[in-house]
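# Let me see the structure of the following:
(chains A, B, C and D)
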There are 2 protein chains.
Amino acid sequence: MSRDNKYDRLKLENQLCFPLYAASKEIVSRYKPALDELDLTYTQYLAMLVLWEHGTISVKDMGKLLYLDSGTLTPLLKKLEQKGYVERRRDSSDERVLNVSVTETGLGLREKALGVPDKIACTLELNSEERAFLCKILHKLLGE
Amino acid sequence: MSRDNKYDRLKLENQLCFPLYAASKEIVSRYKPALDELDLTYTQYLAMLVLWEHGTISVKDMGKLLYLDSGTLTPLLKKLEQKGYVERRRDSSDERVLNVSVTETGLGLREKALGVPDKIACTLELNSEERAFLCKILHKLLGE
DNA sequence: TCAGATTAGGTTGTATACAATTTAATCTTG
DNA sequence: CAAGATTAAATTGTATACAACCTAATCTGA
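Take a look at the predicted model:
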């Protein structure tokens, strides 16, 4: 057993941030095969989840839900528009606001996406108790 | 209480991946003020953690520890070299290998970094039990 | 009402991430 | 030993992220 060292706290293995960062990337990478079939990246998938649930939403509100700003969302939503999954239209009562809506094509994609969560879940070797606890702690970290 | 819907599993709130992704970004952002003082980004900080611990390490081995590939590490290490924190030198016994070493300046930075973990930890409202459990689950997700 | 403040998106610049490919060095095997 | 396989980095291309700034629209109060 090595003696305590003042530098121990700077060891990679003693960081909580690092496994969080690494696990997040790991999970995202597990989505790739399933999302490739939908022609979506992970972040685009998150945006589609929001749109499937809300139908129409402003860029600002989507940003609040996903913790993303316009610098990320603007180009991403333009790409989703190019793919034909969403429409972007200024709000008629407030031209500053851009409303994003799912198209018919985008709604069709929802059917194909139904199988995605299960495909990922089965690669995670966590039982339901662990999942619940992890979820609770993460939301606490997010200040919710 | 709304009736179960086949689309429920696609709701953002029912994804485990999302809070993981969001929490990871949140924690990284909390490092920013402390790391700005060291002139390091978060990923550069991770690289320095590895280097402080190992002194010298190949790009490949650093990549294994950090789950990063040469596409990310090569430009990052060149930046750390520009800042004077590391040296990059081909291995004399195998010219394919690039060894990265901390410089004196980089070692000096270690002293300034000693306070970083505590600055972050105190912003996380987790008790030690929660921290331990989170750590355990994350390592399980990482397959360790 | 109208000038200054605020707000919502968009743009620019920097820094990751990672897949796919390339290059040079080393290894392996007939 | 020499050709093909393998390996380690580097490079290229695409897609985030986010800070800082810009622009246009809207709001607010004297």
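
# Up against DNA strand C, what does chain A have?
Neighbours of DNA strand C within chain A, by Cβ under 7 Å from any atom of the strand: A:21, A:25, A:28-29, A:32, A:58-60, A:63, A:69-71, A:73-75, A:77, A:88, A:96-99. Any C-beta I mention is one placed from the backbone N, CA and C, and that applies to glycine too.

# Mark which of the residues you listed are buried, thanks.
For the residues of chain A next to DNA strand C, a neighbour count by 16 or more other Cβ atoms under 10 Å in any protein chain shown gives the buried set as A:21, A:25, A:28, A:58-59, A:63, A:73, A:77, A:98-99.

# thinking again about what came up before, can you tell me which of the residues of chain A next to DNA strand C are in helices?
A:21, A:25, A:28-29, A:32, A:59-60, A:63, A:70-71, A:73-75, A:77 (DSSP state H).

# Also within reach of chain B: list those from the residues you listed.
A:21, A:25, A:28 (Cβ under 8 Å from any Cβ of the partner chain).

# Format these as CSV; extra columns: pLDDT.
Shown next, in CSV, are those (pLDDT from 0 to 100):
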residue, pLDDT
A:21, 97
A:25, 97
A:28, 96
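
# Where does the most centrally placed residue in chain A fall, secondary structure wise?
Centroid-nearest residue in chain A: residue A:46, 4.0 Å away (criterion: Cα atoms, centre = their mean). Applying DSSP states H and E as the criterion places residue A:46 in helix A:42-54.

# Do any residues in the lowest-mean-pLDDT helix or strand in chain A lie close to chain B?
Using mean pLDDT, DSSP states H and E, helix A:116-121 stands out as the lowest-scoring helix or strand of chain A, at a mean of 90. Yes: applying Cβ under 8 Å from any Cβ, one finds helix A:116-121 in contact with chain B at A:116-118, A:120-121.

# which secondary structure elements does the helix or strand that comes right after that helix contact?
As assigned by DSSP H and E, the chain's next helix or strand after helix A:116-121 is helix A:128-141. Contacts defined by 3 or more Cβ pairs under 8 Å, 6 or more residues apart in numbering or on different chains; DSSP states H and E place helix A:128-141 against helix B:17-36, helix B:128-141.

# and helix A:128-141, which residues are buried?
Quick answer for helix A:128-141 (16+ other Cβ under 10 Å): A:130, A:133-135, A:137-138, A:140-141.

# likewise stretch A:36-52?
Judged by neighbour count using 16+ other Cβ under 10 Å, the buried positions of stretch A:36-52 are A:38, A:40-52.

# roughly how far apart are whatever residue of chain A ends up closest to DNA strand C and residue A:99?
Distances between chain A and DNA strand C by Cβ to the nearest atom of the strand are smallest at residue A:60, namely 2.8 Å. For residue A:60, the distance to residue A:99 equals 10 Å [Cβ to Cβ, to the nearest Å].

# ditto for residue A:25
32 Å.
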